[in-house]
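1. quick one: sequence and predicted model below, then my questions.
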Amino acid sequence: MLQRIYDFCSRYRAGNKKQVDEKFRMVSQEGFLWYQHDIDNHLQKDYTAKFSWFQNNSHDRQKTLFMIPVQYIEHWLRYLKLRQDNPKLTKKESLETKPGSEAKRAVYGIPEVVIAISNPIVTNITTHFEIEWLESRSDSFRHFHSQIQSFLTPFVS
């Protein structure tokens, strides 16, 4: 088993950013169990371009590829934390243009995520939240939720 994992990793090792993108496209066709790819860029146009590239260069376009920038998730958590800490707050403040480090500090109280600290906080924040409220605050969440609904509609109709 370990030899198979080693062979798989050796076959898809990349030496630069361009190779990482190409190798990720190839490896995603074999499964997401072995590799993850963190596109750590907060610019929507860069994310959209990267997603289109993966989609257009995949041999089997009938498969589903979900890409959610970690920074988006951090901002969604920040909105939910703000709501949890200030339930009567009505002011709409855009947090999505703030740096990711600011979101981490606001949500976790530390600049870098430590799983032992972050997981209980995320569980606490996300256990009960109103999707409609988060949609009303976050453009990226509204867009994400709309895409998920569109994707799922054929399966539940």
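-> Yep, it's here. Numbering: from 1, shown residues only.
2. could you measure from G109 over to K50?
-> Note on G109: its distance to K50, by CB to CB, to the nearest Å, is 31 Å. Yep, even glycine has a C-beta here, placed from its N, CA and C like the rest.
3. quick one, which of these two is more surrounded?
-> In this view G109 and K50 are compared by other CB atoms under 10 Å, and K50 has more residues nearby, 17 against 10.
4. which strand or helix spans that one?
-> Using DSSP states H and E, K50 sits in helix 44-56.
5. got the angle between the top helix by length along the chain and helix 44-56?
-> As assigned by DSSP state H, the longest helix anywhere in the chain is helix 139-156. Computed with axes from the mean of the first three to the mean of the last three CA atoms, to 10 degrees, the direction of helix 139-156 lies at 30 degrees from that of helix 44-56.
6. how about residues contacting helix 139-156?
-> Helix 139-156 is contacted by residues 44, 64, 68, 72, 75-76, 79, 96, 131, 134-136 when judged by CB atoms under 8 Å, 6 or more residues apart in numbering.
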